[in-house]
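*Asks:* fold the following and give me the result.
(2 chains)
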Amino acid sequence: MTRLPAPPRRVPRRTATALSALTAFFAAAAAGCGIPSTDAVTAGPPASGIQQPGAETPSVLLYFAGPNGIRAVSRPVDRPPSPQQALELLLKGPSPAERGRGLTSQVPPMGGRLTATTADGAVDLLVPVTIASGALDVTAVSQLACTAAHADVPGGKPPTQVDIRIHENNLRSPKPWTVRCGPNGNVTLAPT
Amino acid sequence: MNFRLRVPRGLRVRLVVAVLLAVAFGALLTAGLTFRQARSSTLERTQETAVADLRMQLDSLAPGMTFPPRTEDLRDLSRQLDRAGGSRAWRSSASYRGSTPVPASPGAPPVPEDLREAVQRTSQAAYQRFDRDGRPWLAVGMPVAYAAHRPGTAGKLSGLAVYAAFPLDDEQADISALVTAAQAGAVPALVLALVPALFAARSVLRPVRRLRGGAERITAGELGTRLDAQGHDELADLTRSFNTMAETLQKDDTELRRMEAGARRFAADVAHELRTPLAAMTVVTEVLDEDAAAGVLPEDTADAVRLVSDEIRALARMVEDLMEVSRFDAKAAPLHAEELDLRTLVAKTLQLRGWEGDARVTTDLPVPLPVRADPRRVDVILANLIGNALRHGLPPVTVTGRTAHDQVLITVTDHGPGIPEDVLPHVFERFYKAETARTRSEGSGLGLAIAYENAHLHGGTLTAANAPGGGAVFTLTLPLATAPQEPR
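*Replies:* All right, here's what the predicted structure looks like:
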């Protein structure tokens, strides 16, 4: 009968294993306390909205006041809006994203209805306040005028050539303020 | 790996360390899992917010873009995005058809190549965390598609891609705060764990200590020791086993004592019963001895009578010794102590035994040896020692007396071969035969045992040893009697 070799001493080895496991655990716990780097991780679909050349979808341009002057924002719509529709969108103010970029509306609440009617190459804009009293400053007038000029105005004139006739106190006056939207969104008095 | 952990030896330390390690392990595991969960949710929220913000801004900005964009348009887009900032002051840049991203102003952080590559390959939004100058950063990449012609249909990709990057300093601070909080929680947990650990150690150690105390009491002879075993744990079982053991031990001890007492009483009774017939026999043999001495008896008969009377005398002496031993065993040996000088006693003993003037016995007693002792018993000791030395050793036998500390030392030395080493521990045992071949000794075999008991009766000791030059040395110590210190 062959003699079996003596069994190995177990306790020290087990202790050593437990110790090394414990040490590794503590080391791992101490190491992973920062913010680990990652590979590139996909995070959803792309953004969209760019007008494809040759296949423009209808959109409306609204003018808001920004830190560096008046800025136009483009919003997609189903079909080209009338000046009335465009102005109503403008009066709703900037969207959250636009506000995030620092855009605001300088058009004050005017306590009355704003009416825009179109003529050939011109828009008649009836406002419930007087401009001379300072209720509408030049930025507000520019927002209103440019938004209306870039809407669907019959006559086929380019927006900078459209006359915006502003009638104060909702009264159709024979001598309105006639302005035009400049290329940078600033109004100029129309040449009489 | 050549380190060795020194395991603490005490049970208490080991228990406490084990409990604390377990608590630390558990706390660390819990804290680690909680931390990972909190960290990933913090980072996920930041990433989702950043991606959503960027998408919202681009959805809003894209319809107004002139297309295809010039570098100027890309820079303008970046500028507006930088101003928007979203949830964070990110720095953005825009790229068209894989060109180098155009930032709003120079100095914007570079976009990781992996991210640009992933955005272009997958046509999906993507984010990547990366390390820049030791700070964690998050970069988000977002391709922009054309507006859909009909609602619900995805447009084709325009080739425009926008990237925004910002450092994750706030998240880093939050996560560091988490670690600090975990540490702040773990230390009190460990300290609190010390309390149950100590309680557990105590609940284990107290029965163990009581068991040790019980074992020590039993060792000290208190066989009636019992421990109360409460509970049903292993330690209570151990305590019950201990009690059973103590009971068995006590029963055995009682039985042994009973048997020993019986044996002693038997010996005492036998000796006592033998005394009367022996007295009669002694008287008869004395008469016969006289007759034998007078030549009245025939020669053969006279020899026989002398032989019988010798044996009877030896038998009588042995019976007397047995009676004495029985008295010692029964603790009934009376001590009639008196103040005396041991020198007188030695002289008296020598005179009484006919050793006075014998050249074989010399004495060396230079100083007075005051003791308080029973003269008869000390005489028995001395006679036994000297007689023993004369019988088994070789003359001259020297009796030396001196005082040391508060003891009187009497040594009896002979010049024989000494006592064999294996016999030495047994010389004071009863009926111990040094030479197994010699079946009978001249004495009763009880002499040294009686001398030993007598020495102890006086509060002294009797020891046997061998002198360096051969010869047995018996040393008797008795307490020194100093008159002022003995109030009796």
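
*Asks:* shaky segments in the stretch 1-150 of chain B?
*Replies:* Residues of the stretch 1-150 of chain B meeting the criterion pLDDT under 70: B:1-9, B:86-87, B:149-150.

*Asks:* show me where it has its strands.
*Replies:* B:91-96, B:102-103, B:126-132, B:135-146 (DSSP state E, counting those that start in this stretch).

*Asks:* so how far is the last one off the chain centroid?
*Replies:* The chain centroid and the centroid of strand B:135-146 are separated by 68 Å, computed with C-alpha atoms, centre = their mean, to the nearest Å.

*Asks:* repeat that for stretch B:44-61.
*Replies:* Distance, centroid of stretch B:44-61 to centroid of chain: 70 Å (C-alpha atoms, centre = their mean).

*Asks:* and that stretch, anywhere near chain A?
*Replies:* Yes - against chain A, stretch B:44-61 shows contacts by C-beta under 8 Å from any C-beta of the partner chain at B:47, B:48, B:51, B:53, B:54, B:55, B:56, B:57, B:58, B:59, B:60, B:61. For every residue, glycine as well, the C-beta is placed using N, CA and C.

*Asks:* now a ChimeraX select for only the buried ones of those residues.
*Replies:* Buried residues within the residues of stretch B:44-61 next to chain A, by 16 or more other C-beta atoms under 10 Å in any protein chain shown, are selected in ChimeraX with:
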select /B:47,51,53,54,55,56,57,58,59,60,61
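
*Asks:* now the residues of stretch B:44-61 next to chain A as TSV including distance to residue B:314?
*Replies:* Converted to TSV, the residues of stretch B:44-61 next to chain A look like this (distance: C-beta to C-beta, whole Å):
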residue	distance to residue B:314
B:47	116
B:48	118
B:51	122
B:53	126
B:54	127
B:55	128
B:56	130
B:57	132
B:58	133
B:59	134
B:60	136
B:61	137
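
*Asks:* which of the residues of stretch B:44-61 next to chain A fall in helices?
*Replies:* B:47, B:48, B:51, B:53, B:54, B:55, B:56, B:57, B:58, B:59, B:60, B:61 (DSSP state H).

*Asks:* tell me how far the residue in the stretch 101-250 of chain B positioned nearest to chain A lies from residue B:60.
*Replies:* Distances between the stretch 101-250 of chain B and chain A by C-beta to the nearest C-beta are smallest at residue B:118, namely 3.5 Å. Distance of residue B:118 to residue B:60, given as C-beta to C-beta, to the nearest Å: 25 Å.

*Asks:* if we can go back for a sec, ok, so of the residues of stretch B:44-61 next to chain A, who is nearest residue B:214?
*Replies:* Distance ranking of the residues of stretch B:44-61 next to chain A against residue B:214, using C-beta to C-beta, places residue B:47 first at 68.8 Å.

*Asks:* before we move on, the earlier item: excluding its backbone neighbours, what's nearest the residue of the stretch 101-250 of chain B closest to chain A?
*Replies:* Spatially, and ignoring its direct neighbours in sequence, residue B:118 is nearest to residue A:40 (3.5 Å; C-beta to C-beta, 6 or more residues apart in numbering or on different chains).

*Asks:* now do the helix or strand hosting residue B:473: which elements does it pack against?
*Replies:* Using DSSP states H and E, residue B:473 sits in strand B:472-479. Where contact means 3 or more C-beta pairs under 8 Å, 6 or more residues apart in numbering or on different chains; DSSP states H and E, strand B:472-479 is packed against strand B:370-373, helix B:375-392, strand B:407-413, helix B:447-457, strand B:461-466.

*Asks:* show me what the fourth one is packed up against.
*Replies:* The reference is to helix B:447-457. With contacts taken as 3+ C-beta pairs under 8 Å, 6+ apart, helix B:447-457 sits against helix B:299-329, helix B:375-392, strand B:461-466, strand B:472-479.

*Asks:* got the angle for that helix vs helix B:299-329?
*Replies:* If you take axes from the mean of the first three to the mean of the last three C-alpha atoms, to 10 degrees, helix B:447-457 sits at 30 degrees to helix B:299-329.

*Asks:* now the strands of the stretch 1-150 of chain B in CSV, with mean neighbour count and distance to residue A:187?
*Replies:* Below are the strands of the stretch 1-150 of chain B laid out as CSV (neighbours: other C-beta atoms under 10 Å in any protein chain shown; distance: least, C-beta to C-beta, whole Å):
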stretch, mean neighbour count, distance to residue A:187
strand B:91-96, 24, 31
strand B:102-103, 22, 32
strand B:126-132, 21, 43
strand B:135-146, 23, 32
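
*Asks:* CSV please, covering the ones you listed and showing distance to chain A.
*Replies:* Shown next, in CSV, are the strands of the stretch 1-150 of chain B (distance: least, C-beta to the nearest C-beta, whole Å):
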stretch, distance to chain A
strand B:91-96, 11
strand B:102-103, 16
strand B:126-132, 4
strand B:135-146, 4
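
*Asks:* turn the ones you listed into a markdown table, columns for distance to residue B:431.
*Replies:* Listed next are the strands of the stretch 1-150 of chain B as a markdown table, based on distance: least, C-beta to C-beta, whole Å:
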| stretch | distance to residue B:431 |
| --- | --- |
| strand B:91-96 | 113 |
| strand B:102-103 | 118 |
| strand B:126-132 | 97 |
| strand B:135-146 | 97 |
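
*Asks:* can you pull out the helices in the stretch 151-300 of chain B?
*Replies:* Along the stretch 151-300 of chain B, counting by DSSP state H, counting those that start in this stretch, helices occupy B:169-219, B:234-294, B:299-329.

*Asks:* buried stuff in the last one?
*Replies:* Neighbour counts using 16+ other C-beta under 10 Å place B:302, B:305, B:309, B:312-313, B:316, B:318-322, B:324-326, B:328-329 of helix B:299-329 among the buried residues.

*Asks:* now do it and helix B:234-294, the angle between them.
*Replies:* Relative orientation of helix B:299-329 and helix B:234-294, computed by the same axes, to 10 degrees: 150 degrees.

*Asks:* for helix B:299-329, what does the pLDDT average out to?
*Replies:* If you average the pLDDT over helix B:299-329, you get 87.

*Asks:* closest to residue B:264 among the residues of stretch B:44-61 next to chain A?
*Replies:* The nearest member of the residues of stretch B:44-61 next to chain A to residue B:264, counting by C-beta to C-beta, is residue B:47 at 98.8 Å.

*Asks:* gap between the closest one and residue A:113?
*Replies:* 46 Å.

*Asks:* and what of residue B:269?
*Replies:* From residue B:269 to residue A:113 the distance is 143 Å (C-beta to C-beta).

*Asks:* likewise residue B:116?
*Replies:* Distance from residue B:116 to residue A:113, counting by C-beta to C-beta: 52 Å.

*Asks:* check residue B:232 too.
*Replies:* For residue B:232 relative to residue A:113 (C-beta to C-beta), the value is 92 Å.

*Asks:* then residue A:161?
*Replies:* Relative to residue A:113, and taking C-beta to C-beta, residue A:161 is found at 27 Å.

*Asks:* same deal with residue B:420?
*Replies:* Using C-beta to C-beta, one obtains 140 Å as the distance from residue B:420 to residue A:113.

*Asks:* same check, this time on residue B:225
*Replies:* Residue B:225 is 109 Å from residue A:113, by C-beta to C-beta.

*Asks:* likewise for residue B:109?
*Replies:* Taking C-beta to C-beta as the measure, residue B:109 falls 50 Å from residue A:113.

*Asks:* between the two, tell me which one has more neighbours.
*Replies:* Using other C-beta atoms under 10 Å in any protein chain shown as the criterion, residue B:109 and residue A:113 rank with residue B:109 on top: 19 against 9.

*Asks:* residue B:163 is in contact with the more buried one, correct?
*Replies:* No - look at residue B:109 against residue B:163 with C-beta atoms under 8 Å: they stay out of range, at 9.4 Å.

*Asks:* just the endpoints, please. Distance across stretch A:154-167?
*Replies:* 20 Å (C-alpha to C-alpha, to the nearest Å).

*Asks:* ok, now which ones touch the residue nearest to residue B:118?
*Replies:* Contacts for residue A:40 (C-beta atoms under 8 Å, 6 or more residues apart in numbering or on different chains) come out as B:112, B:114, B:115, B:117, B:118, B:119, B:126, B:127, B:128, B:141.

*Asks:* pick the one among those residues closest to residue A:69.
*Replies:* Using C-beta to C-beta, the contacts of residue A:40 come closest to residue A:69 at residue B:141, 30.4 Å.
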